[in-house]
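Asker: sequence plus the predicted model coming up.
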Amino acid sequence: MTSLNVNGKTVEVDADPSTPVLWALRDTLQLTGTKFGCGAALCGACTVHVDGQPVRSCVTPISSIGKQKITTIEAVASDRVGKAVQAAWVKHDVAQCGYCQSGQIMSATALLRSKRRPTDADIDTAMAGNICRCGTYARIRAAIKDAAASLA
């Protein structure tokens with residue numbers, strides 16, 4: 001058994017220590033908002049926060065987490081920044097198919113928690129590695145800028 005702090009609660013996961021966080025979340029804890037995309041940390045669909053930092057959960061073993069706090073898309077709106085990002089996503093109608101959007105939101109929220117007035121270069125850096133096959137990048141950028149403005 002591995003103890004994890006997920007969305008503010010301590011949970012026990014009965015899985016091999018090498019199990020990726022993604023599968024502990026989805027299969028054991030039934031938190032299915034975090035998506036499997038590539039399994040190689042290349043697409044960003046599986047992004048969660050570990051102590052506030054965006055992490056690709058598909059390649060992060062549960063044994064590496066220790067007492068760090070995992071936050072998933074299910075709890076990202078528990079503060080002002082997460083709420084602002086999700087509201088901007090809706091306002092700008094960002095999602096098309098929606099599959100990548102939980103990872104996109106997690107990366108955008110981490111960016112705005114660390115930098116309230118991001119430049120285009122900051123946005124490019126923070127969102128690099130988050131792939132949207134539908135190509136909603138312009139709407140993603142607009143939503144991030146709108147969320148930043150609402151937090152100013």
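Answerer: Arrived safely, thanks for sending. The structure displayed is predicted, hence computed values, not measured ones.

Asker: surely residue 17 and residue 62 touch.
Answerer: Yes: contact criterion C-beta atoms under 8 Å: residue 17 and residue 62 qualify, at 6.1 Å. From N, CA and C alone the C-beta is placed, and that goes for glycine too.

Asker: give me the common contacts of the two.
Answerer: Shared contacts of residue 17 and residue 62 (C-beta atoms under 8 Å, 6 or more residues apart in numbering): residue 2.

Asker: name the residue closest to the centre of this protein, please.
Answerer: residue 106 (2.6 Å; C-alpha atoms, centre = their mean).

Asker: which residues of the chain fall in strands?
Answerer: 2-6, 9-13, 47-50, 53-56, 69-71 (DSSP state E).

Asker: in the sheet, who's paired with the nearest residue to residue 67 once chain neighbours are set aside?
Answerer: Excluding the flanking residues, the one nearest residue 67 by C-beta to C-beta, 6 or more residues apart in numbering is residue 5, at 6.7 Å. Residue 5 has these beta-bridge partners by DSSP bridges: residue 10, residue 69.

Asker: look up how far residue 76 lies from residue 5.
Answerer: Distance, residue 5 to residue 76, using C-beta to C-beta, to the nearest Å: 15 Å.

Asker: where do the helices of this protein begin and end?
Answerer: For the chain, the helices defined by DSSP state H occupy 21-23, 80-91, 101-114, 120-127, 137-151.
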